[in-house]
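Participant: Quick one: sequence plus predicted model below, questions after.
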There are 4 protein chains.
Amino acid sequence: MLGASGYTGLELTRILERHPRLEKPSLLRREASDGAADLAEIFPELSGNGGYPLRALSWPEVKRQGIELLFLATPHAASRALVPEAVAQGLRVIDLSGAWRLKEAQHRAIYSFQDADAVTAAELTSRAVYGLPELNGDRLASAHLVANPGCYATSVILALLPLLKSGLIDQERGIISDSKSGVSGAGKAPSSRTHFVSVADNLSAYSVFNHRHLGEMVEQLGLNDTQLTFTPHLLPIPRGILSTIYVHLKKAMKPAEVESCLRNFYGGKHWIRVFATPKLPELQFSLHTNYCDLGFCLAEDGQRLVLLSCLDNLLKGAAGQAVQNMNLMYGWGEREGLQ
Amino acid sequence: MLGASGYTGLELTRILERHPRLEKPSLLRREASDGAADLAEIFPELSGNGGYPLRALSWPEVKRQGIELLFLATPHAASRALVPEAVAQGLRVIDLSGAWRLKEAQHRAIYSFQDADAVTAAELTSRAVYGLPELNGDRLASAHLVANPGCYATSVILALLPLLKSGLIDQERGIISDSKSGVSGAGKAPSSRTHFVSVADNLSAYSVFNHRHLGEMVEQLGLNDTQLTFTPHLLPIPRGILSTIYVHLKKAMKPAEVESCLRNFYGGKHWIRVFATPKLPELQFSLHTNYCDLGFCLAEDGQRLVLLSCLDNLLKGAAGQAVQNMNLMYGWGEREGLQ
Amino acid sequence: MLGASGYTGLELTRILERHPRLEKPSLLRREASDGAADLAEIFPELSGNGGYPLRALSWPEVKRQGIELLFLATPHAASRALVPEAVAQGLRVIDLSGAWRLKEAQHRAIYSFQDADAVTAAELTSRAVYGLPELNGDRLASAHLVANPGCYATSVILALLPLLKSGLIDQERGIISDSKSGVSGAGKAPSSRTHFVSVADNLSAYSVFNHRHLGEMVEQLGLNDTQLTFTPHLLPIPRGILSTIYVHLKKAMKPAEVESCLRNFYGGKHWIRVFATPKLPELQFSLHTNYCDLGFCLAEDGQRLVLLSCLDNLLKGAAGQAVQNMNLMYGWGEREGLQ
Amino acid sequence: MLGASGYTGLELTRILERHPRLEKPSLLRREASDGAADLAEIFPELSGNGGYPLRALSWPEVKRQGIELLFLATPHAASRALVPEAVAQGLRVIDLSGAWRLKEAQHRAIYSFQDADAVTAAELTSRAVYGLPELNGDRLASAHLVANPGCYATSVILALLPLLKSGLIDQERGIISDSKSGVSGAGKAPSSRTHFVSVADNLSAYSVFNHRHLGEMVEQLGLNDTQLTFTPHLLPIPRGILSTIYVHLKKAMKPAEVESCLRNFYGGKHWIRVFATPKLPELQFSLHTNYCDLGFCLAEDGQRLVLLSCLDNLLKGAAGQAVQNMNLMYGWGEREGLQ
């Protein structure tokens, strides 16, 4: 894995080392000289377990070790540069950044990618599988490049898929996702925005109408850009996302019908839990798990529907989902290593 | 004041004792025998300031002391019973509960009031002024019964008033308020819902489509009951409300026009602060103040508008607003005692 | 297991169900009629995993199921009553309450036990093994009744054992443990003390000089009652304990000598991590693990020593340690089920 | 005031602008070109009150405005350089940094001051009054340079003064202060240490045996350097300090005697509140006030004493105390502007 020094990298390291199909993961870093020699220097919570050496990335060495699959928990610019190299080496890649998620150029524009080889980049973009296992599970077995979804995007897409795919939502009326995330979603780099005093006893909205994850959502949901309003907020907690999603149904439904729609869509999908009205998921329930919890409230008019979607941004929203994708790429059980 | 032992009562006590027009407030309780003899026994943070004796309510004694104005920070059932008595004694009353806010019976139904004297109750209901000073400021000078608004209602109504009154919002498309409140809004009584471990590292929605404050909002905004969707959430912080409100404008506007609409409506109103795009209010900015902070983001299409509204639920959402109402009832400056 | 509905019971349930040597645990409750039929009704975070039925305790049924070992996560009075019954049935018991930890009557007095059969109670008290595996690991294989230590006691005893057993501490000068715990240590019952608003933005000391865990500490450490001052504090976090412990060394030492003493004492003990000066353990590092993290700072005079001890009160301080004890009772690896 | 852009500067600005004896304070900054033109750009919570322009420091301009008193909320190196200039201009100065608090060179060494004019610096050091009003109140009227105490130091010194000055503490046995502070004490500069995710759900000790405030404490208390052990901890809250202080009394006392000692020492001092056993101060009680709250627990042996001391690090620990000092410098009431 490359990029273990972030919050996502830490979670991924922990899951991979406990995974029953794998040995302790090989941790790489981009340059030989910089930073810590062992991940436990950065995250002392890893102490006492035999060491997590960070080695400089070298393709010959990767080959020598017999590595088949590379996780990238690197910033999107780095991922955009590294993936062509890795694929050229014959590696399969699960990239956790936003580098390969977007099919449409107008959505990618927000990232300002600078591709050394535009043809290869375009080709990889078209081959990349958007790694939402509940949606694209059957495409993973043969995937060479998996673009692991954004945390917010996972939360919003999973809530909307069943009703949208069933044609029950009046898209013309607009869909709204009011989403709230813990601070680990903002990354580990210190800034005035992530200072404890700025976050504690606070709640703030940001990137309204222009958050990077919006493109993923509309592409995967088949919406046009004005049909989805997405407002992220920064919560005074370390981790977790709750999205409150507002849709208008084409015709009046009963709560039991909404519940059936969700349950049928996700039948057999272990990592989705549907809560039955009047029970509602709370952010806390999914923390430290790979679950995405879904629930809803339907107005008496039967048309105004509020969907709730909760997950742990570092697990189902990142590292856990990456491992779920790996399991499916290799034909293993979807739950392996994630209990 | 009656009901000083709750969070709102504590804040009200603190404001009143510092108010330049007033002496230390007289603190009453409903029965002679129960509970603490001094408010500092309940709130040790009040120690060292000469005592806050709690005396049993007795109308003759109230008269003897020359009390003119009674604040009720009591539960709504108690307020519903006490106000007729107090008014009969010739007192002016500011009631902080939901007992007298609602004009329409179908909204009041949620409270299940049991009125001893239905005629008087109906008459008081019709005379009660909804104490939102920015809306009803000119009716306060002559008011005898002021129904102090709910905290969520204040947050939502103040954000929507300017654009709704100007006829700019497409009400048919529906209005959504996704509101988030700190835990003091749930009151001081211990429950599994307010247990620290249930709230910390969590966020949860509750009372979706049927929160008590919804009636106030639609009545004061002149909406019908299906035009406003209101979803309250419990935040892991002690105090503060942020409402994220979604409206669709009848025709495309520019950000500067939205800003003008807000600024013009609240010109001269000290306790409303309008933030200019791209600056947005954050919950923290209004804590420990009587401000309601308003801001907004407008989509590129010029029609999808997100309004943000922040306030301190114990101040502008309760005790501070009550004192603002008192100031206007007596012709004093709106800011007195609230700096 | 009996008592699954508390925070400790939840953690224990989770560990036991993942334990490679065990099937899903049998969850019992004291009376047939009360409360939930399934633990997932109390803890919705358990949903989606096939159910956690709570069955009324019946000794014949326990026998029929072939249960050999009973975990009690019940209040101490219940444990005091149940253990004689369970032992009479031939069961081995790990009790997580304070019911069987104390050897000396003057320490037990604080619990006011009412034993139906004083002789049996005395006999069980003397046979009970204090379940601190790093101290009594060799007595667990034959133990029938294991008294699982208190969370604070575990934190303090583990920090002090190496230097005390080595005779390096000047006990006459007094030992002080200034300990801080998250709120789950106070239990799940709602109270004004555990109300979110009382705890957030706060820190408070309580039970100074008379906390129940003090007796365990002095008994296990071989101190007399005035040699240890213990001050617990309530932290505004859900879980975790940090103890800052002050001792005076008999003669001046060097940091490397202190470190050696700790490392030698705990050589081969997986669940103790010793941090080397100048690195210090932080409360966060041990959360969601079964580790007890130890570190220290030594003054320039070589005699004033500050020890730091961190653990997760629900794991190494309760459920994790109980499973560690079980592992040793059955001759399994100490780490099994606890990774 | 110079240095308004930090947390202390913000609090000081707020207090000064409400102070009945003063006009809105003049806010200065060290260089004309850097940063914001108005403090409300840095702290949006200041919006709506007419502006807080930040002007470049120029001594002629200071003179022209008739400024008599300068508050410095600057880093210690800046204060060390600026104070000689300011005093030369005939200004009185209250410096909130550590630049002028220490009389003894071995304590100052930790700051590594580089004085342009060592003679003047030495002379100012000897003239500087340590601005703890409860200790040095009578020296303030004539003071030209007041060194406002550190937040931890205020907390520890105020708790220990009464018993130490009365000769009741056995200093030879050693005194321990286990202190815990909110994050605003670490300043506003972002760092990995103040990142929300590092602080939330955590508690950590730091600078054990070598915190900068230790020198102030021993100097003001008349202790030698090995008699006081001071361990600061970082709490997951924005503000507030609680110190738990352990002393051994020379002879056994009764709780009422300890209480009398505290009360007598602080008789007439408004900003000290003594809590009577068994009531204990909690950190929360003093937040947003200028109080230092003191309480204690005495062991049954009558000699082991635990003192508790709570204050708001930004008020009694910084800006509030600075204003209290100003009040006494000008012969005003100690409480003015601080209610």
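Facilitator: Perfect, I can see it now.

Participant: Get me the contact residues on the stretch 201-339 of chain A for chain B.
Facilitator: Taking CB under 8 Å from any CB of the partner chain as the criterion, the stretch 201-339 of chain A approaches chain B at residues A:201-206, A:208-209, A:226, A:229, A:231, A:233, A:235-240, A:242, A:244, A:246, A:248, A:280, A:282-284, A:287, A:297, A:299-301, A:304, A:306, A:308. From N, CA and C alone the C-beta is placed, and that goes for glycine too.

Participant: In strands, which of the residues you listed fall?
Facilitator: Counting by DSSP state E, those place A:204-205, A:229, A:231, A:233, A:242, A:244, A:246, A:248, A:297, A:304, A:306, A:308 in strands.

Participant: Neighbour-wise, which one of those leads?
Facilitator: Note: the member of those with the most neighbours is residue A:242, at 28 neighbours, neighbours being other CB atoms under 10 Å in any protein chain shown.

Participant: What parts of chain A come near chain D?
Facilitator: On the criterion CB under 8 Å from any CB, chain D has as its neighbours in chain A the residues A:7, A:183-184, A:188, A:190-192, A:194-201, A:236-239.

Participant: now do 6 Å
Facilitator: Chain A comes close to chain D at residues A:183-184, A:190-192, A:194-197, A:199-200, A:238, as judged by CB under 6 Å from any CB of the partner chain.

Participant: which of the residues you listed count as buried?
Facilitator: Applying a neighbour-count criterion of 16 or more other CB atoms under 10 Å in any protein chain shown, the buried members of the residues of chain A next to chain D are A:183-184, A:190, A:194-197, A:199-200, A:238.

Participant: Is the closest residue to residue A:24 other than its chain neighbours part of a helix or strand, or is it coil?
Facilitator: Once flanking residues are discounted, residue A:24 sits nearest to residue A:17: 5.0 Å by CB to CB, 6 or more residues apart in numbering or on different chains. Classification of residue A:17 by DSSP: H, G, I helix; E, B strand; the rest coil places it in helix.

Participant: neighbours around residue A:17, how many?
Facilitator: Taking other CB under 10 Å as the criterion, the count of residues near residue A:17 is 17.

Participant: How much space separates it from residue A:25?
Facilitator: 6 Å (CB to CB, to the nearest Å).

Participant: next one: residue A:223
Facilitator: Spatial separation of residue A:223 from residue A:25 under the definition CB to CB is 37 Å.

Participant: Now render the ones in strands among the residues of the stretch 201-339 of chain A next to chain B as CSV, adding distance to residue A:268 and pLDDT.
Facilitator: Output for those, formatted as CSV (distance: CB to CB, whole Å; pLDDT from 0 to 100):
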residue, distance to residue A:268, pLDDT
A:204, 39, 98
A:205, 37, 98
A:229, 32, 98
A:231, 33, 98
A:233, 33, 98
A:242, 25, 98
A:244, 27, 98
A:246, 28, 98
A:248, 29, 98
A:297, 26, 98
A:304, 30, 98
A:306, 26, 98
A:308, 22, 98
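
Participant: Would you check which pair of the residues you listed lies furthest apart?
Facilitator: A:204 and A:248 (27.8 Å; CB to CB).

Participant: Which residue ranges of the stretch 201-339 of chain A form helices?
Facilitator: A:213-221, A:255-265, A:319-329 (DSSP state H, counting those that start in this stretch).

Participant: Poorly predicted segments of the stretch 51-200 of chain A, please.
Facilitator: Segments of the stretch 51-200 of chain A classed as low confidence (criterion: pLDDT under 70) are not present in this model.

Participant: Which single residue of it ends up nearest chain C?
Facilitator: residue A:200 (8.4 Å; CB to the nearest CB).

Participant: Need phi/psi at that residue.
Facilitator: Backbone dihedrals for residue A:200, given as degrees, to the nearest 10, come out at phi -60, psi 150.

Participant: pretty sure it contacts residue D:238?
Facilitator: Yes: look at residue A:200 against residue D:238 with CB atoms under 6 Å: they come within range, at 5.1 Å.

Participant: Mind checking the helices of the stretch 201-339 of chain A for the one nearest to residue C:323?
Facilitator: Between residue C:323 and the helices of the stretch 201-339 of chain A, the tightest spacing by CB to CB is seen for helix A:319-329, at 23.9 Å.

Participant: Quick one: list the elements packing against the closest one.
Facilitator: For helix A:319-329, the packing partners by 3 or more CB pairs under 6 Å, 6 or more residues apart in numbering or on different chains; DSSP states H and E come out as helix A:7-18, helix A:133-136.

Participant: Which elements pack onto the shortest one?
Facilitator: In terms of contacts (3+ CB pairs under 6 Å, 6+ apart), helix A:133-136 is packed against helix A:319-329.

Participant: Let me know the helix or strand that the residue nearest to residue A:129 when sequence neighbours are not counted is in.
Facilitator: In this structure, residue A:129 finds its nearest non-sequential neighbour in residue A:143, 4.2 Å apart by CB to CB, 6+ apart. Assigned by DSSP states H and E, residue A:143 belongs to neither a helix nor a strand.

Participant: so who does the residue lying closest to residue A:306 once chain neighbours are set aside touch?
Facilitator: Counting by CB to CB, 6+ apart, residue A:297 is the residue found nearest to residue A:306 once chain neighbours are left out, at 4.7 Å. Going by CB atoms under 6 Å, 6 or more residues apart in numbering or on different chains, residue A:297 touches A:306, B:208-209.

Participant: Kindly recompute the last result at 8 Å.
Facilitator: The contact partners of residue A:297, taken as CB atoms under 8 Å, 6 or more residues apart in numbering or on different chains, are A:277-278, A:280, A:305-306, A:308, B:205, B:208-209.

Participant: With respect to chain C, which of those is nearest?
Facilitator: Distance ranking of the contacts of residue A:297 against chain C, using CB to the nearest CB, places residue A:280 first at 9.0 Å.

Participant: Can you give me the neighbour number for that closest one?
Facilitator: A count of neighbours around residue A:280, defined by other CB under 10 Å, yields 21.
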